[in-house]
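>>> Quick check, what structure comes out for this input:
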Amino acid sequence: MNPYFFQAESNKSFEAVINDLKKAVENHEFSVLSIIDMQKKFQSIGKESKGLSIVQLCNAEMSYHAISMSKNMSCMMPKDINVYEDDNNKVQLVFMRANTDILEGAFPNMNISELSAKVGHILEAIIEEAI
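So this is what the prediction gives:
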């Protein structure tokens, strides 16, 4: 278990996970901004790849709150959940956890770690619901 990432495995098909992830996102008051199909991007340059999509999420209320504290918070957005097929054809869902020390250094006196932790817990719940 890598402490920098939250990762879960699903026995569902890649397409089913993407569909269930979209539903779970809405159930947690986030929205899907875009789904980037990296497999197609790689194929466009003649490279083979198993399924890999980057699902970009937003909660407008939390985003507005963060950006109202500092426009530089926009560099932390949108939040991504990556979905990919591993070498054993299992579907993995993963996001990178925020480093609270870095956040507090980048955004001093904003108590951004609390908001970041809240978002992280929501992303974990979204993934658990989708798998």
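>>> So which bits of stretch 41-48 are buried?
Buried residues in stretch 41-48, counted by 16 or more other Cβ atoms under 10 Å: none are found. Every C-beta, even on glycine, is put in place using the N, C-alpha and C of the backbone.
>>> And it, how far out from the chain middle?
How far stretch 41-48 lies from its chain's middle: 23 Å, per Cα atoms, centre = their mean, to the nearest Å.
>>> try stretch 21-31
12 Å.
>>> So for that stretch, what gets flagged as buried?
21-22, 24-25, 30.
>>> Just the CA atoms of stretch 108-127, as PDB, please.
Below are the C-alpha coordinates for stretch 108-127, written out as PDB (Å, rounded to 0.1, in the frame of the first residue of the first chain):
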ATOM      1  CA  PRO A 108      -0.200  29.300   4.600                       C
ATOM      2  CA  ASN A 109      -2.800  30.400   7.000                       C
ATOM      3  CA  MET A 110      -5.700  29.000   4.900                       C
ATOM      4  CA  ASN A 111      -6.300  25.700   6.700                       C
ATOM      5  CA  ILE A 112      -6.400  24.100   3.300                       C
ATOM      6  CA  SER A 113      -5.500  20.700   4.800                       C
ATOM      7  CA  GLU A 114      -9.000  20.300   6.200                       C
ATOM      8  CA  LEU A 115     -10.700  20.900   2.900                       C
ATOM      9  CA  SER A 116      -8.200  18.600   1.100                       C
ATOM     10  CA  ALA A 117      -8.800  15.800   3.600                       C
ATOM     11  CA  LYS A 118     -12.600  16.200   3.100                       C
ATOM     12  CA  VAL A 119     -12.200  16.000  -0.700                       C
ATOM     13  CA  GLY A 120      -9.900  13.000  -0.300                       C
ATOM     14  CA  HIS A 121     -12.500  11.200   1.800                       C
ATOM     15  CA  ILE A 122     -15.200  11.900  -0.800                       C
ATOM     16  CA  LEU A 123     -13.000  10.600  -3.600                       C
ATOM     17  CA  GLU A 124     -12.400   7.400  -1.600                       C
ATOM     18  CA  ALA A 125     -16.200   7.000  -1.100                       C
ATOM     19  CA  ILE A 126     -16.800   7.600  -4.800                       C
ATOM     20  CA  ILE A 127     -14.300   4.900  -5.700                       C
END
